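**Student:** build me a model:
(2 chains)
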Amino acid sequence: MTMQNTDQSRRKFLGTSAAAVAGVTIAPGVLLHTPAQARPVDQPATSAQRWGILIDTNQCDAGCNDCVTACQSENGWGSNETKSSPEQQAEWIRKVELKDPNTGYKQSLPVMCQHCETPPCVDVCPTGASMKRADGIVLVDKHICIGCRYCMMACPYKARSFIHETLTDQKTVAPRGKGTVESCTMCVHRVDDGGTPACVEACPGKNGKAMVFGDLNDPNSEISQRLKQYGGKQIRADLGLNPGVRYQGI
Amino acid sequence: MKKPVLREVNDSMGFYALLALFGAIILIALGATYYMEHNGHWVTGMNNQIVWGMPHVFALFLIIAASGALNVSSIASVFGRYQYKPISPLSTVLAAALLLGGLMVLVLDLGRPDRLIVAMTYYNFKSIFAWNIILYNGFLAILVVYLWTQLDQTKNKYSKLAGFVAFFWRLILTTGTGSIFGFLVARQGYDAAIMAPMFIIMSFAFGLAVFMLVMFGAYKWTQRPLGDAIVRRLKNLLGVFIGAVLYFTLVFHLTNLYATEHHGVERFILMDGGIYTTLFWWGHFVIGGLVPLALLYLPQTGMKRSMIALASVLVILGGMAQLYVIIIGGQAYPLEMFPGMEVTSSFFDGVVGTYSPTLAETLLGIGGFAIAMLLVTFVARVLRLLPESLADDVVDPHHSKADA
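**Tutor:** Predicted structure coming up:
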């Protein structure tokens, strides 16, 4: 019977999967590789993870804008604000060029929402529309944002944008609208599916990727290992905000 | 001492002309709001670099002035100066009217003013904005009760208590308004505890200046007597407040100048910030400070009503200039994310923000003033608000011309 066949193939598949998992398990409860982090949709985000991005500016090419264009096509910004002036258009992520006036040393790096542990935008938001998830991702609840822009006044990274005109053709994964504030979501829809943010995925780097995404709470994750080995810096560390986005080489 | 008699203003052409004038300005402001909200903020000068603009200058001026407009009531109730008692109800009504005008501007500039109900039902109690929503609404409620105790003879005995509550509430309220900026650690132009007391002193000066103009207008147009006793006291008080504002401004900038990390922003505001430098020195310091001080204290001008009125107008203009420098100048100076480095990006990092206010957002701001004035005019007609006479013998039986 078809039904039996189906059941058998499912059992076979489960058996193979179990063997595969067993293969990377060196002892009960210890895995050589972190399994995909996809979380069932009915489960809330937990503080077991703290998602972060590490950016190595030595690998970041000044002429490269791939992280920005990947973010634009993933989240649908950058081309649909036709009436707004350049100063009024939204930018979720931007490439910043630095030059030391004393030595002429140049660096290039992407800057986006830094997903602070203690985000000033969340502190100042009167309605609670600015919020931080338990896993450290800072978001704007578009349903209760009243467009007061106090979060933009408070953000030390100029990471947030206000929408100055009516938008159409938004992406379903990134609702956006006139009169509300928005910023990098760390591609929360991808992260919840066990994926990585679009910018990280798109980053070609010079000799290897300039961006690494991972769980800062997991000491065995690549991001934690790299930070442990080579260190990392926070933009405006003096503010003590403990951002989830870290940099090497600045 | 004659007992002051409070009387509503008469039905007259002038009254209706004022209502029509303020009503027309409000309609224009509402039209401007519809234009901005329908199109979105792209039709304004505000952008993602300068996120708060002209509406916020007007709104904050009105909210700060509202607190200061209560000076006269506070001096009468809290500090027991009976000379101010007859004119106190006007002070209370003006405070409420200015606050409502300011709040209207603030709310109508929101990206989503249709979500006002959200602002009233969702509170993040760590937000100074959320505290302010409670402080502003609470202040309005307190003012209504305070006015009742001032106007109803049978409730008069409670006016001292209501006055105390209102006095402390307004100090907290203006602390909250100043802290909107004082608590912003991100920006070089803000992040200073002195902002809160400075805003309180600014409120004393701005509110009293508005109050004096309203009092002059009301007494001139209703042809009721207004003696020098009350005017002289108030104009001297205004002079003290102007001096205090200059003192706080001096301390604020001196403190910044001592710390090398703030030299950039200080240089920007005080020396090479273009419009912000001009507004600081000419607007705030000269027009809003030195000139009105001279007008109020020089013997040639100090007792002339027209000159005192001019000084009050200059205090208001200077105050607007001061707020423009604080609010917009503070945003125009680039965020210092990478100290010591030259910064460039497609998002205007490292460059001074540009902002040119448009007509629509300025009209919305002016509408806030019109709302306040319309309310005062209306209340003076329907309530027995203004004393029939503020002649010297009514205000102060011990007053003699020699004091003037």
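
**Student:** report the closest residue of the stretch 1-150 of chain B relative to chain A.
**Tutor:** Going by CB to the nearest CB, chain A is nearest to B:Gly111 of the stretch 1-150 of chain B, at 1.8 Å. Every residue, glycine included, has its C-beta placed from N, CA and C.

**Student:** which ones are touching that residue?
**Tutor:** B:Gly111 is in contact with A:145-149, A:162-163, A:178-181, B:41, counting by CB atoms under 8 Å, 6 or more residues apart in numbering or on different chains.

**Student:** got CSV for the residues you listed, with distance to A:Asn220 too?
**Tutor:** Converted to CSV, these look like this (distance: CB to CB, whole Å):
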residue, distance to A:Asn220
A:Cys145, 37
A:Ile146, 42
A:Gly147, 42
A:Cys148, 42
A:Arg149, 41
A:Phe162, 40
A:Ile163, 40
A:Lys178, 44
A:Gly179, 44
A:Thr180, 39
A:Val181, 36
B:His41, 47
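
**Student:** in JSON lines, list those along with secondary structure and distance to B:Val93.
**Tutor:** JSON lines is the format used below for those (DSSP: H, G, I helix; E, B strand; the rest coil; distance: CB to CB, whole Å):
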{"residue": "A:Cys145", "secondary structure": "coil", "distance to B:Val93": "35"}
{"residue": "A:Ile146", "secondary structure": "coil", "distance to B:Val93": "29"}
{"residue": "A:Gly147", "secondary structure": "coil", "distance to B:Val93": "31"}
{"residue": "A:Cys148", "secondary structure": "coil", "distance to B:Val93": "28"}
{"residue": "A:Arg149", "secondary structure": "coil", "distance to B:Val93": "32"}
{"residue": "A:Phe162", "secondary structure": "strand", "distance to B:Val93": "36"}
{"residue": "A:Ile163", "secondary structure": "coil", "distance to B:Val93": "39"}
{"residue": "A:Lys178", "secondary structure": "coil", "distance to B:Val93": "38"}
{"residue": "A:Gly179", "secondary structure": "coil", "distance to B:Val93": "34"}
{"residue": "A:Thr180", "secondary structure": "coil", "distance to B:Val93": "37"}
{"residue": "A:Val181", "secondary structure": "strand", "distance to B:Val93": "37"}
{"residue": "B:His41", "secondary structure": "helix", "distance to B:Val93": "33"}
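
**Student:** per-residue pLDDT, the closest residue in space to B:Gly182 that isn't next to it in sequence?
**Tutor:** Closest residue to B:Gly182 apart from its sequence neighbours, by CB to CB, 6 or more residues apart in numbering or on different chains: B:Met195 at 3.3 Å. For B:Met195, the pLDDT comes out at 95.

**Student:** what do you get for B:Gly367?
**Tutor:** We have a pLDDT of 98 for B:Gly367.

**Student:** alpha carbons of the helix or strand containing it, as PDB, please.
**Tutor:** Using DSSP states H and E, B:Gly367 sits in helix B:359-382. Presented in PDB, the C-alpha positions along helix B:359-382 are these (Å, rounded to 0.1, in the frame of the first residue of the first chain):
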ATOM      1  CA  LEU B 359       6.100  77.200   4.800                       C
ATOM      2  CA  ALA B 360       3.800  74.400   5.800                       C
ATOM      3  CA  GLU B 361       5.700  73.300   8.900                       C
ATOM      4  CA  THR B 362       6.100  77.000   9.900                       C
ATOM      5  CA  LEU B 363       2.300  77.600   9.500                       C
ATOM      6  CA  LEU B 364       1.600  74.600  11.700                       C
ATOM      7  CA  GLY B 365       3.800  76.100  14.400                       C
ATOM      8  CA  ILE B 366       2.100  79.500  14.200                       C
ATOM      9  CA  GLY B 367      -1.200  77.600  14.400                       C
ATOM     10  CA  GLY B 368      -0.100  76.600  17.900                       C
ATOM     11  CA  PHE B 369       0.100  80.200  19.000                       C
ATOM     12  CA  ALA B 370      -3.300  80.900  17.400                       C
ATOM     13  CA  ILE B 371      -4.900  78.000  19.300                       C
ATOM     14  CA  ALA B 372      -3.500  79.300  22.600                       C
ATOM     15  CA  MET B 373      -4.700  82.900  21.900                       C
ATOM     16  CA  LEU B 374      -8.100  81.700  20.700                       C
ATOM     17  CA  LEU B 375      -8.600  79.800  23.900                       C
ATOM     18  CA  VAL B 376      -7.600  82.700  26.100                       C
ATOM     19  CA  THR B 377      -9.900  85.100  24.100                       C
ATOM     20  CA  PHE B 378     -12.800  82.700  24.400                       C
ATOM     21  CA  VAL B 379     -12.300  82.000  28.100                       C
ATOM     22  CA  ALA B 380     -12.100  85.700  28.900                       C
ATOM     23  CA  ARG B 381     -15.500  86.100  27.300                       C
ATOM     24  CA  VAL B 382     -17.300  83.200  29.000                       C
END
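
**Student:** quick one, strands of chain A?
**Tutor:** Taking DSSP state E as the test, the strands found in chain A are A:25-27, A:30-31, A:51-56, A:93-99, A:106-112, A:130-132, A:138-140, A:161-162, A:181-182, A:211-215, A:245-248.

**Student:** residue in chain A nearest to chain B?
**Tutor:** When scored by CB to the nearest CB, chain A has A:Gly147 as its residue closest to chain B, at 1.8 Å.

**Student:** ok, how many other residues are close to that residue?
**Tutor:** The tally of other residues near A:Gly147 (other CB atoms under 10 Å in any protein chain shown) stands at 21.

**Student:** that one: what's it in contact with?
**Tutor:** So, once contact is read as CB under 8 Å, 6+ apart, A:Gly147 ends up touching A:162, A:179-181, B:110-112, B:115.

**Student:** cutoff 7 Å now
**Tutor:** When contacts are counted by CB atoms under 7 Å, 6 or more residues apart in numbering or on different chains, A:Gly147 touches A:162, A:179-181, B:110-112.

**Student:** most neighbours of all the residues you listed, which one?
**Tutor:** Neighbour-wise, the contacts of A:Gly147 (other CB under 10 Å) top out at A:Val181, 28 neighbours.

**Student:** strands of the stretch 301-404 of chain B, start to end?
**Tutor:** Using DSSP state E, counting those that start in this stretch, the strands of the stretch 301-404 of chain B run over B:342-345, B:386-387.

**Student:** identify whichever of those strands lies nearest to B:Ile134.
**Tutor:** When those are compared by CB to CB, strand B:386-387 sits nearest B:Ile134, at 31.6 Å.

**Student:** tell me what that closest one is packed against?
**Tutor:** strand B:6-7 (3 or more CB pairs under 7 Å, 6 or more residues apart in numbering or on different chains; DSSP states H and E).

**Student:** next, the angle from the helix or strand following the strand it packs on to helix B:359-382.
**Tutor:** Next along the chain after strand B:6-7, taking DSSP H and E as the criterion, comes helix B:13-39. Interaxial angle of helix B:13-39 relative to helix B:359-382 (axes from the mean of the first three to the mean of the last three CA atoms, to 10 degrees): 140 degrees.

**Student:** about what we covered before: how about TSV for the strands of chain A, with distance to chain B and mean pLDDT added?
**Tutor:** Listed next are the strands of chain A as TSV, based on distance: least, CB to the nearest CB, whole Å; pLDDT from 0 to 100:
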stretch	distance to chain B	mean pLDDT
strand A:25-27	44	50
strand A:30-31	39	49
strand A:51-56	14	98
strand A:93-99	4	98
strand A:106-112	7	97
strand A:130-132	8	98
strand A:138-140	11	98
strand A:161-162	5	98
strand A:181-182	7	98
strand A:211-215	17	97
strand A:245-248	10	98
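
**Student:** closest to B:Ile64 out of those?
**Tutor:** Closest to B:Ile64 of those is strand A:161-162 (CB to CB; 24.6 Å).

**Student:** partners of the closest one, with directions?
**Tutor:** According to DSSP bridges, strand A:161-162 forms sheet pairs with strand A:181-182 (antiparallel).

**Student:** how many neighbours does B:Arg170 have?
**Tutor:** Quick note: B:Arg170 (other CB under 10 Å) scores 27 neighbours.

**Student:** per-residue confidence for the closest residue to it other than its chain neighbours?
**Tutor:** Distance criterion CB to CB, 6+ apart; nearest residue to B:Arg170, sequence neighbours excluded, is B:Ser67 at 4.4 Å. Reported pLDDT at B:Ser67 in the predicted model: 97.
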